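Enquirer: okay, predicted coordinates and the sequence, questions at the end:
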Amino acid sequence: MNLMKAESPGPSVSRLVPKVRSRAKILYEIYIGMTILEIILLLAGGMPLFEALATSFGTAGTGGFGIKNDSMASYSVYIQVVVTIFMILFGVNFNVYYLILIKKVKQAAKNEEVRWYLLIIAAAIGLIAIDIFSLYGNIGTAIQQSAFQVASIITTIGFATTDFNIWPQASKTVLVMLMFIGACAGSTGGRNQGIPIYYSA
């Protein structure tokens, strides 16, 4: 509990259950369950088992690195979308997932930090997608590329699907601002621990 309070300077951290052992068990179950679900979805998208494991572990720990030279760029759009969703999910306070599991959805929905986290992500995706639309000529691709980079940077995971150094200055400024915001307290996400790097093959 003290570790969690030390990590979260802003929002207050509530107890899930009175005993530390019970709390750890609940958090591990959520963490493992989400990781297994991501592995299954990546395998369904045709990703080899080793790559699915490495990608899921990197996503879950929010300190991932691409096992290919181009990070995640050579994977299908389906795989990139799955990874985008799980990057965002692992950046959410795990207390919220516990509240949802015990059917206290209204209480989970009142978590102001998570609401702001999702709102900031949505706003950043929208702003960047509009700004980079001319580079891709397709709004769907612009949104997908924007979402991936936003999710990767705000959670400090480190994956990339494109070289965003070629993006307009406004988009790069938004990405830099996201580095300072970070993921939610009580998530696996860090704050300003690293930046995604895209290596061209």
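Expert: Noted; the coordinates are in hand.
Enquirer: can you tell me the helix or strand for residue 144?
Expert: Element membership for residue 144, per DSSP states H and E: helix 139-154.
Enquirer: for that helix, give the mean pLDDT please.
Expert: Mean per-residue pLDDT for helix 139-154: 94.
Enquirer: so what does it touch, helix or strand wise?
Expert: In terms of contacts (3 or more CB pairs under 8 Å, 6 or more residues apart in numbering; DSSP states H and E), helix 139-154 is packed against helix 77-90, helix 112-136, helix 169-181. No exception for glycine: its C-beta is placed from N, CA and C like everyone else's.
Enquirer: flag every buried residue along the last one.
Expert: For helix 169-181, the neighbour count (16 or more other CB atoms under 10 Å) marks 171, 174, 175, 178 as buried.
Enquirer: could you do the longest one as well?
Expert: Residues 113-114, 117, 120-121, 124-125, 127-129, 131-132, 136 are the ones in helix 112-136 that count as buried (16+ other CB under 10 Å).
Enquirer: what helices or strands is it leaning on?
Expert: So helix 112-136, by 3+ CB pairs under 8 Å, 6+ apart, packs with helix 139-154, helix 169-181.
Enquirer: quick one: it to helix 139-154, angle?
Expert: Between helix 112-136 and helix 139-154, the angle comes out at 130 degrees (axes from the mean of the first three to the mean of the last three CA atoms, to 10 degrees).
Enquirer: relative to helix 77-90, how tilted is helix 112-136?
Expert: 150 degrees.
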